[in-house]
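Colleague: How does the following fold in three dimensions:
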Amino acid sequence: MHFFSDNATPVCPEVMAAIVAADQADHGYDGDRWSARLNGAFSDLFGTESVALWIATGTAANSIALASLCPPYGGILCHEEAHIVVDECGAPGFYTHGATLMALPGEGAKLSPETVLDRLKAIRPDVHQVPARAISITQATEYGLVYTPGEVAALGNLAREHGLGFHMDGARFANAVAYLGCHPGDVTWRAGVDILSFGCVKNGGMVGEALVFFGNQAQPRAAEAARWRKRGGHLFSKGRYLAAQLLAMVEGDLWLRNARAANAAAQALAAGAAGRLLHPVQANELFVRLSEAERTQLRAQGFDFHDWGADAARLVTNWSQHASSVQPLAEAIRTLEG
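Modeller: I've put the predicted structure just below:
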């Protein structure tokens with residue numbers, strides 16, 4: 001049983017069917033009928049007029065979003081363990097032509113308004129220091145924690161007060177919304193988010209994510225991002241296959257149904273790992289205290305996962321699992337002999 005990553009899962013049947021249905025002649029790049037439906041589909045989903053672009057990868061989505069918000073001389077306030085800091089090989093700096101990632105600490109990989117404000121106060125308003133121009137947060141975080149609508153809004157208010165753009169890396173956005181049980185607009189545009197990287201691949205897609213733009217700057221920022229997409233080599237000539245996947249996700253409840261299944265599987269594992277959890281389980285990632293000997297025992301029973309330092313493991317559930325399907329691992333952890 002594989003718990004390496006939700007990137008390693010198969011494509012869900014509904015998305016595969018949508019790809020097959022799009023396998024017919026149409027206009028190239030983003031001039032096809034599927035791409036033309038994205039703005040309306042995401043506007044309906046979020047309850048506000050939105051502009052949506054398909055993007056090949058999450059790294060490109062994050063980086064292009066930040067390039068649309070931050071000039072080369074600017075800074076992006078983010079968590080020190082954010083994906084854009086530790087897992088994207090400097091891509092945000094590449095796309096922004098040199099913008100600085102202002103990495104900050106925070107419990108569970110979450111930014112707090114207090115930490116952000118302290119950093120802002122430390123920046124002198126002269127040409128000798130990098131000025132902050134954007135905030136970027138991850139929903140759910142790198143440790144599987146979820147920002148509530150109030151927490152996002154507190155950062156959104158801070159961004160507005162200081163003239164900062166506000167980006168959300170939503171690689172696991174669906175898992176966060178499924179956990180919160182709120183309207184997706186409550187943790188995005190209503191809370192001040194300007195651009196969302198909306199995850200698809202981790203939630204059952206094959207390839208492609210979405211950039212969703214909100215507010216009165218949505219159109220010009222999306223136009224800017226479209227040029228970054230082309231210049232960065234991410235404008236697929238047959239973009240309809242990416243658009244079709246996104247539409248399959250959001251025009252029904254597939255995006256939430258898949259996320260709920262993954263979250264339920266994570267909760268089932270959490271019950272088996274009681275007393276071993278390093279962080280609360282709020283989405284589909286678990287960080288479990290396991291010795292080297294215990295990890296060896298589990299792997300000998302056919303369970304695959306990533307080590308997390310010397311004495312822990314990361315377990316990631318996915319759309320194709322459910323509470324009962326992960327019971328063998330939950331029971332194996334429960335009955336471990338150290």
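
Colleague: Can you show me the strands along the protein?
Modeller: Listed in chain order, the strands of the chain (DSSP state E) span 51-55, 75-79, 100-104, 132-138, 165-170, 195-198, 209-213, 285-289, 306-307, 312-316.

Colleague: So for the shortest one, mean pLDDT?
Modeller: What it means is strand 306-307. Average pLDDT, strand 306-307: 95.

Colleague: Given it, what are its sheet partners and their directions?
Modeller: As defined by DSSP bridges, the strand partners of strand 306-307 come to strand 312-316 (antiparallel).

Colleague: Ok, the longest one next?
Modeller: The strands beside strand 132-138 in its sheet (DSSP bridges) come out as strand 75-79 (parallel), strand 165-170 (parallel).

Colleague: Return the most buried member of the ones you listed.
Modeller: Burial of those is given as mean neighbour count (mean count of other CB atoms under 10 Å); strand 165-170 ranks first at a mean of 27. (C-beta placed from N, C-alpha, C; glycine too.)

Colleague: Got the confidence number for the nearest residue to Q321 once chain neighbours are set aside?
Modeller: Excluding the flanking residues, the one nearest Q321 by CB to CB, 6 or more residues apart in numbering is A265, at 4.1 Å. A265 is assigned 97 on the pLDDT scale.

Colleague: Relative to C12, how far out is A265?
Modeller: For A265, the distance to C12 (CB to CB, to the nearest Å) stands at 14 Å.

Colleague: now swap in S136 and tell me
Modeller: For S136, the distance to C12 - CB to CB - is 28 Å.

Colleague: and if you look at G199?
Modeller: As judged by CB to CB, G199 and C12 stand 13 Å apart.

Colleague: same check, this time on V177
Modeller: From V177 over to C12 (counting by CB to CB), the distance is 17 Å.

Colleague: what sits against the residue nearest to A99 when sequence neighbours are not counted?
Modeller: Of all residues not flanking A99 in the chain, C70 sits nearest, at 4.6 Å (CB to CB, 6+ apart). By CB atoms under 8 Å, 6 or more residues apart in numbering, C70 lies in contact with 76, 96, 99, 133-134, 165.

Colleague: How about K202?
Modeller: Contacts of K202 by CB under 8 Å, 6+ apart are 5-7, 171-172, 318.

Colleague: Would you mind measuring from it to E209?
Modeller: Counting by CB to CB, the gap from K202 to E209 is 9 Å.

Colleague: again, but for E107
Modeller: 27 Å.

Colleague: Which of these two has more residues huddled nearby?
Modeller: Using other CB atoms under 10 Å as the criterion, E107 and E209 rank with E209 on top: 28 against 10.

Colleague: Which pLDDT value belongs to the more buried one?
Modeller: Value for E209, per-residue pLDDT: 97.

Colleague: now it, nearest residue through space, not along the chain?
Modeller: In space, E209 is closest to A61, 4.6 Å off (CB to CB, 6+ apart).

Colleague: which residues touch the one you found?
Modeller: Counted by CB under 8 Å, 6+ apart, A61 has contacts 55, 197, 209-211.
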